[in-house]
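Asks: whatever this is, show me its structure:
(2 chains)
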Amino acid sequence: MTAMERGPPDLSPILLPRLAGFVNFLRVRGVSVGVGAELDLGAAVTRIPILDRGAFLQACRITIAKSPWDLARLEAAFDAYWSATFVPPNPEGRFPVAGPPRPAPDGVSSGPPSGPAPLALDRNGVVQVGVYSPDAPAPGHHLSLTDRRRMVALSSGARRFRRYAATLPGRRYESARRGRVDFPATARHSLRHGGEWVAFRLHRKKRLRAELVILWDVSGSMREHDGDLFALVYSMQRVAHRSRVFGFSTDVQELTAAVRGRTYPRAAAAVARSLTSTGGGTRIGRSLDTFLARYGALLHPWTTVVVLSDGWDLGETDLLGRTLDRMHRRCHLLVWVNPYANDPAFEAATAGMREAIRHVDLFLAPSRFESPRPFRPIGARPAS
Amino acid sequence: MGRLGRGNAVGKKGHFEDAEQVIEAFGRQLYIADRPLAMAVFLAGELQKPLLVEGEPGCGKTEIARTLAAAVDTKLIRLQCYEGLDARATLYEWNYPKQLLTIRIEEKRKNAKELEAEIFTDEFLLKRPLLEALTYEGPRPPVLLIDEIDRADEEFEGLLLEFLSDFQITIPEVGTIRGKQIPFVVITSNRTRELSDALKRRCLYLYIGYPSLDKEVTVLRRKVPSLGTRFAQEVAAFVQKVRAQEDFVKRPGVSETLEWASALLALGQSKLSREVVEETLGFLVKDAQDLQTLQGGRLDALMGPR
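Replies: Just a heads-up that it's a prediction; the model follows:
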C-alpha cells in the first residue's frame, strides 16, 4: 500500500489509484518522489479544479519536482501517463527500464534498440554500458574498488588538499583583530586583571572548508586510469564542504548526484550508468568552454577547480588556453591532475598539456594525494 | 482557507481562493505572475508549506516575497543568507553587554539565582529573523523571506529543517517557543550549489526561468510605463538576443532589462541606436568578459544591419 492509498481521505476512490500509479511511474523513470511529496500531491489535488489539466500539471510540478531536471522528466511522464491512449502494462505501474543503445555488429549505429538492455556488473566489477561513437574505444568504465589501503591514503590526501584549498569558514574559531566578541576569552582576560573588563577579545571562524568543482576527463585515452581517478574523485567529493563533479570528453555531464551520498560500489555503478552518452575523442577546450557556459555560476573567488586529464586534446588548443585563463581568473585555485605526471620522464609534450600548464596553480599526479608531503604551487602563472 | 489572505487587500472574501486571485493580487502590485507561479503561491498557502524558488538571477524570485507581503498587507521579514551564517544571526542572541551591565549594577542587591532569573528574560533576548517571524503578533502571519540560501552553509540548512518542520524554536534558558501563526516562508536559491534533499522535501518547488518576449514586454510596459509599446518591444527583443548568447558568463535577467530601459528613458531615447546601446551596455551586461565580447564585434551582429 502506498502513502497515497492511505490518505488523504478527500481523494476520490477512482483518482487515488491512478495518482499512486503515476507516482510509481515517475519513480521508475528516475524521479525521486518521497512519501511527503506524494501526500502533498494528494492534498494539492483536493484544492484545485481537477478537470483542469493545466492546473493538475502545475500541482504535480510544484509538489513533486525538486529540480529543473525533475521538471523535464515529470512533464514527459505526465504526457505519457495521462494521455487518453495510455494503458499501464501491469497494475503496479512498472515499466522495463531501457538500457543504453548498443553499437551494431558492423560498427554502424542501427537506431533505437529493439528491446531493453539491462545494465550489469561483470565478474571484475566492471559496469558494462554502451558507449558508441565512430572513434569510441571499447565500452565500459573500469571503476571497480581499488584496495582499501589506497582508499584510506587517498582520503587522507584529499583532506590535506581540502585544508590547502580552504577558503570557507569552518566551525572552529581563532582569535583575530577583527570579528565578533569572544565572551569566554574576554572573561578570562578580565580575571587576569582583577575582574575588570579591560578590553574585548575578538575571534572569527577559521578557514577550514573548501568548495570544489571537479572536472574529470572520461574520454577513451583516460580509460586505463578510470579506476584510480574515480577513487580520487570519490575521496575529494567526500571531504569537501561543497563539491560538484562533472565528466567530460566531447561534452560535459554532471555526475554529482551519482556520486554524492553513496557507498563506493554504488557510486561507481551509478557513475558508469550515467556515462552512457559519452562519446570517443577529447575536446578539452570545447568541453571546458561548454562547462563555463552552462555552469559558470559555480566559479567564485573561493572555488577550487580540479581538472583530471592527460591533456590529450583533439580540439583547438587556443580555445583551451583561453578557457583555462577565464577559469583561472574566476576561481581561487586551478589544479591539474595528470595520471602521467609521476613518471620521471614526463614532459608536457602534448599541445593541450603545454597550453594548460601555463594557467594552473598546481600540477599533480594522482599518487601525490597518497603522499604526506604538503602541496606547493608550481609558480607557473600565465603572463598577463 | 489560505492562511495569508485574510486582509482586505485580497479578494472579496479576503483570502486567495484560487490561483486566479493570486494573479490579480500580484497584478495590483505590478508583478506579472504567470499561472505556475500563482498556483505555487496558492498551494503553498493552502498546504502551509514553505515555497522554494529557484531560477536564474534577476528574474523576480525575491520580488515574489515582497509582492506577497504587500498583496496581503503584512510584514516582510527578510533573512539574507551568507557564508558563515549561524544560529546567533538567524534565531536569537542574548544581549551580552546589557546582561553584563545589569550584573554589575545589581550584584550587590541580588544573589546569583535572582540575577540569573533576571538576565535570561525576553528583555535581554535579541530576536533574529526566524524567531521574529514566529513571535510576530500582527493580524496576519508575516512573510519570511530566506534569500539566496545557496550562499549559506549546509549546517544552516540543518538548522532550518527543525524550524520548517515544527515551526518552533527551543531556547535552553527559556524553553520552546511556538508560533501562534505559521509564517509564509519563501526560500530563494540561485542554484550555485545543490540544496540538501531534506530541505527540498519540506518545500514546494518553483523554478523561474527567463521570461518569454511577450512577457518581458508586458513587464516593461507595467514597470516602466513611460516606455512606448514599440520601444519596449525593441528593448525586449535586443535583451532576448543577448540572453541567447550561450557563451556569456552572466546573462541579463529581468532586473537588468528594467534598469537598462530606465537608463535609456533617462537619456531621452525612444529608439535603439548602436551608439546609445554601446554607451549603456554596462546596465545590461554585468560581466567584464561578456562586455568585451559584445564590444569586440558581437554587438554589430546583434544590432543587425545599419
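Asks: walk me through the domains of the chain.
Replies: I'll assume chain A. Described in terms of automatic domain parsing, the domain architecture of chain A consists of the residue ranges A:3-81, A:173-205, A:210-370.
Asks: hmm, no, I was thinking of chain B.
Replies: The record, using automatic domain parsing to delimit domains, assigns chain B the ranges B:19-91+B:128-208, B:94-120, B:213-303.
Asks: most tightly packed of those domains?
Replies: For the domains of chain B, the largest average neighbour count (mean count of other Cβ atoms under 10 Å in any protein chain shown) is found in domain B:19-91+B:128-208, namely a mean of 20. Every C-beta, even on glycine, is put in place using the N, C-alpha and C of the backbone.
Asks: got the end-to-end distance for that domain?
Replies: Start and end residues of domain B:19-91+B:128-208 are separated by 17 Å (Cα to Cα, to the nearest Å).
Asks: check stretch B:206-218 too.
Replies: From the first residue to the last, stretch B:206-218 extends over 21 Å; the measure is Cα to Cα.
Asks: residues making contact with that stretch?
Replies: Contact partners of stretch B:206-218, identified using Cβ atoms under 8 Å, 6 or more residues apart in numbering or on different chains, comprise A:62, A:65, A:68, A:71, B:32, B:34, B:36-37, B:40, B:51-56, B:59-61, B:219, B:229, B:232-233, B:236-237, B:239-240, B:243, B:251, B:253-254, B:257.
Asks: same deal with stretch B:295-306?
Replies: Here stretch B:295-306 makes contact (Cβ under 8 Å, 6+ apart) with B:238, B:241-242, B:245, B:272, B:274, B:277-278, B:281, B:294.
Asks: can you check the pLDDT for the closest residue to residue B:252 other than its chain neighbours?
Replies: Beyond its immediate neighbours in the sequence, the residue positioned closest to residue B:252 (Cβ to Cβ, 6 or more residues apart in numbering or on different chains) is residue B:284, lying 5.0 Å away. Confidence at residue B:284, expressed as pLDDT, is 91.
Asks: any idea how far residue B:168 lies from residue B:178?
Replies: Applying Cβ to Cβ, to the nearest Å, the value for residue B:168 to residue B:178 is 5 Å.
Asks: tell me the SS of residue B:169?
Replies: State at residue B:169, reduced to three classes by DSSP: H, G, I helix; E, B strand; the rest coil: strand.
Asks: pull out the buried positions in stretch A:46-56.
Replies: Along stretch A:46-56, these residues count as buried under the neighbour rule (16 or more other Cβ atoms under 10 Å in any protein chain shown): A:47-48, A:55-56.
Asks: any idea which of the domains of chain A is most buried?
Replies: For those, average neighbour numbers computed from mean count of other Cβ under 10 Å are highest in domain A:210-370, which has a mean of 20.
Asks: so how far does that domain reach from one end to the other?
Replies: Domain A:210-370 has an end-to-end distance of 19 Å (criterion: Cα to Cα).
Asks: distance from the chain centre to it, please.
Replies: 11 Å (Cα atoms, centre = their mean, to the nearest Å).
Asks: close to chain B, is that domain?
Replies: Yes. For domain A:210-370 and chain B, the contact criterion (Cβ under 8 Å from any Cβ of the partner chain) is met by A:211, A:241-242, A:244, A:256-257, A:260, A:289, A:292-293, A:296-298, A:300, A:302, A:326, A:330.
Asks: so which of the residues you listed sit within strands?
Replies: Applying DSSP state E to these, the entries found in strands are A:211, A:242, A:244.
Asks: and stretch A:185-202, anywhere near chain B?
Replies: Yes. Remark: stretch A:185-202 sits within contact range of chain B at residue A:197, by Cβ under 8 Å from any Cβ.
Asks: contact residues of the stretch 101-250 of chain B facing chain A?
Replies: Residues of the stretch 101-250 of chain B that fall close to chain A, judged by Cβ under 8 Å from any Cβ: B:153-155, B:190-194, B:197, B:200-202, B:204-207, B:246-250.
Asks: can you pull out the helices in the stretch 1-150 of chain B?
Replies: Taking DSSP state H, counting those that start in this stretch to define them, one finds helices in the stretch 1-150 of chain B at B:19-28, B:35-47, B:61-71, B:87-90, B:96-106, B:112-119, B:129-134.
Asks: for my notes, please list those helices in TSV and give mean pLDDT for each entry.
Replies: As requested, the helices of the stretch 1-150 of chain B are exported to TSV (pLDDT from 0 to 100):
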stretch	mean pLDDT
helix B:19-28	93
helix B:35-47	93
helix B:61-71	94
helix B:87-90	87
helix B:96-106	86
helix B:112-119	84
helix B:129-134	93
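Asks: which one of those helices lies closest to residue A:198?
Replies: Comparison of the helices of the stretch 1-150 of chain B against residue A:198 by Cβ to Cβ identifies helix B:96-106 as nearest, at 13.4 Å.
Asks: top strand in chain A by residue count?
Replies: strand A:168-181.
Asks: that one versus helix B:96-106: what angle between them?
Replies: Here strand A:168-181 points in a direction 30 degrees away from that of helix B:96-106 (axes from the mean of the first three to the mean of the last three Cα atoms, to 10 degrees).
Asks: which other helices and strands does strand A:168-181 contact?
Replies: The elements that strand A:168-181 packs onto, with contact taken as 3 or more Cβ pairs under 8 Å, 6 or more residues apart in numbering or on different chains; DSSP states H and E, are strand A:202-209.
Asks: which residues in chain A form strands?
Replies: Listed in chain order (using DSSP E), the strands of chain A are A:120-121, A:127-128, A:168-181, A:202-209, A:211-217, A:242-248, A:252-254, A:303-308, A:333-337, A:362-364.
Asks: buried residues in the longest helix along chain A?
Replies: Looking only at chain A and at elements set by DSSP state H, the helix with the highest residue count is helix A:148-165. When neighbours are counted by 16+ other Cβ under 10 Å, the buried residues of helix A:148-165 are found to be A:150-151, A:153-155, A:157-162, A:164-165.
Asks: which other residues reach it?
Replies: Counting by Cβ under 8 Å, 6+ apart, helix A:148-165 makes contact with A:145, A:208-210, A:212, A:231-232, A:235-236, A:238-241, A:264, A:304, A:332-333, A:335, A:368-372, A:374-375, all of which sit outside it.
Asks: could you rerun that using 7 Å?
Replies: Residues from elsewhere that reach helix A:148-165, judged by Cβ atoms under 7 Å, 6 or more residues apart in numbering or on different chains: A:210, A:231-232, A:235-236, A:238-240, A:304, A:332-333, A:369-370, A:375.
Asks: next one, pLDDT for the spatially closest residue to residue B:285 that is not a sequence neighbour please.
Replies: Distance criterion Cβ to Cβ, 6+ apart; nearest residue to residue B:285, sequence neighbours excluded, is residue B:291 at 5.1 Å. The predicted structure scores residue B:291 at 86 on the pLDDT scale.
Asks: for the residue lying closest to residue B:267 once chain neighbours are set aside, give me the pLDDT.
Replies: Residue nearest to residue B:267 in three dimensions, not counting chain neighbours: residue B:276, with 6.7 Å by Cβ to Cβ, 6+ apart. The predicted local confidence for residue B:276 comes out at a pLDDT of 89.
Asks: what does residue B:1 give?
Replies: The per-residue pLDDT of residue B:1 was computed as 44.
Asks: residue ranges in chain A under the pLDDT threshold?
Replies: A:1-11, A:84-141, A:145-146, A:276-282, A:314-315, A:378-384 (pLDDT under 70).
Asks: from residue B:51, how far off is the residue most central in space within it?
Replies: Relative to the mean C-alpha position of chain A, the nearest C-alpha, by Cα atoms, centre = their mean, is the one of residue A:256, at 1.6 Å. When Cβ to Cβ is the yardstick, residue A:256 and residue B:51 sit 24 Å from each other.
Asks: returning to what we had before: now do the residue nearest to the centre of chain A against residue A:305, distance only.
Replies: Distance of residue A:256 to residue A:305, given as Cβ to Cβ: 14 Å.
Asks: helices along the stretch 251-384 of chain A, start to end?
Replies: Per DSSP H, counting those that start in this stretch, the stretch 251-384 of chain A carries helices over the ranges A:256-259, A:264-274, A:284-295, A:317-330, A:351-357.
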